[in-house]
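A.B. asks: Pasted the sequence and its predicted model underneath.
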Amino acid sequence: MIKIIDVDILYTTIVVALEPTLDEWNAFKKKYKAYITNDDEKCFLDDFNNNKGCNGSTIQLDRGDYMIFVRYAKEHGDIAHEVFHACNCILKSRGFELTDTGESYAYLIGFVTNKVYEILDNKG
C-alpha cells in the first residue's frame, strides 16, 4: 500500500510505501504526478527490484518531500529504521540538530511512526 503522511508543521509530506506492488506504484504515480519524477521512479524501482538484503529505503523526492519504502511491513525494526532516516532528513534540512535530549527528533519520530501504524491498521 502507498499512502501520504502530511507533516504540516514542517511543511512536508512523507510518501509511505509498505509492501507495495507494481500495480499500486503505477496507480500512485498516475494519481500523484507532482510527487514523482523520473529520477524518483528510478530510485523506487531500483529498491523495489533489489533483493540484496535491502528491506527498505528512504529517498528525498525532487519536490522536497520524502518517501519511505519498506519491502516487508511486518519487520517493525525496518519501519523504525526508515522513519528515523526520513525524520532525520526533514529536521536537518530545517536546521535542527540531534541534541542530548533529542526532543524534536523524538517527537517527529513518534508522530510519523504512529501515522505509519495507523496506515497498517487500516485507519489511515
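C.D. replies: Right, received. Where do you want to start? Numbering: from 1, shown residues only.
A.B. asks: Would you mind confirming that Glu24 is in contact with Val15?
C.D. replies: No: the criterion here is C-beta atoms under 8 Å, and Glu24 misses it with Val15 at 11.7 Å. The way it works is simple: take the backbone N, C-alpha and C, and place the C-beta from them, glycine included.
A.B. asks: quick one, strands of this protein?
C.D. replies: For the chain, strands defined by DSSP state E occupy the ranges 2-7, 12-18, 56-60, 66-70.
A.B. asks: Minimum distance to Asn38: which of the ones you listed has it?
C.D. replies: Evaluated over these, closeness to Asn38 peaks at strand 56-60, with 13.1 Å, by C-beta to C-beta.
A.B. asks: quick one: buried residues of the helix or strand bottoming out on mean pLDDT in the chain?
C.D. replies: Least confident helix or strand of the chain, by mean pLDDT, DSSP states H and E, is helix 38-49 with a mean of 76. The neighbour-count check on helix 38-49 (16 or more other C-beta atoms under 10 Å) flags 40, 43-44, 47-48 as buried.
A.B. asks: which one of the strands of the chain has the lowest average pLDDT?
C.D. replies: Here the lowest mean pLDDT among these goes to strand 56-60, at a mean of 84.
A.B. asks: what is the orientation angle of that one with strand 12-18?
C.D. replies: 150 degrees (axes from the mean of the first three to the mean of the last three C-alpha atoms, to 10 degrees).
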